[in-house]
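> only geometry, no sequence info:
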């Protein structure tokens, strides 16, 4: 069965003026009212973000999924980023992956002057430091050059959203 098959209904109360405004906006967009309202409520950036998070949750080694999320966050405009990251990540992420995702979101939001989503405050930082390399000689560099959101979450890396190592 198609997982996008529509089997549920949502009713909302609105004024005659609000309904006329929605009908007019939907007609201008060349859509029916249901499609128009859904397109406004369930944004494409949010769906893309959640799909990347699902990949991170399913991956045995999440490196590629995190790299894809990195690219996605870097490509979003400020408005798209705000819409995309509003909903929290799905359950089932390891503490490391959840903190890494949270740091990426915090960094991207700071870079675009977007308010942090509320769910980021509920993510507890890692109790022990995690370094992006096993080389002891690079740890001092990582300690001093990691972006602040990553440092705050006890993750020490050299590159972040929009950058590649």
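Now that the structure is in, tell me what you want to look at. As the structure is a prediction and not an experimental result, all values here were calculated from the model. Numbers count the residues shown, from 1 in each chain.
> give me the buried positions along the helix or strand hosting residue 143.
According to DSSP states H and E, residue 143 maps onto helix 139-145. Within helix 139-145, the residues that qualify as buried are residue 142, counting by 16 or more other Cβ atoms under 10 Å. C-beta: built from backbone N, CA, C; applies to glycine.
> elements contacting it?
strand 155-156 (3 or more Cβ pairs under 8 Å, 6 or more residues apart in numbering; DSSP states H and E).
> what lines up beside the strand it packs on in the sheet?
Looking at strand 155-156 with DSSP bridges, its partner strands are strand 130-131 (parallel).
> picking up where we left off before, which other residues reach the helix holding residue 143?
131-133, 151, 156-158 (Cβ atoms under 8 Å, 6 or more residues apart in numbering).
> and if we set it to 6 Å?
131, 156, 158 (Cβ atoms under 6 Å, 6 or more residues apart in numbering).
> then stretch 46-58?
Outside stretch 46-58, the residues that reach it (Cβ under 6 Å, 6+ apart) are 62, 65, 68-69, 72, 83-84, 89-90, 92-93, 97.
> reformat these as CSV; add distance to residue 145 and pLDDT.
Listed next are those as CSV, based on distance: Cβ to Cβ, whole Å; pLDDT from 0 to 100:
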residue, distance to residue 145, pLDDT
62, 23, 88
65, 24, 92
68, 24, 92
69, 21, 94
72, 24, 94
83, 31, 88
84, 27, 92
89, 26, 93
90, 31, 90
92, 31, 87
93, 26, 93
97, 22, 96
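> out of the contacts of helix 139-145, who's the most crowded?
Most neighbours among the contacts of helix 139-145, by other Cβ atoms under 10 Å: residue 156, with 22 neighbours.
> how much space between that one and residue 72?
23 Å (Cβ to Cβ, to the nearest Å).
> show me where the chain has helices.
Applying DSSP state H to the chain gives helices spanning 16-29, 33-41, 44-58, 63-75, 78-84, 95-111, 139-145, 148-152.
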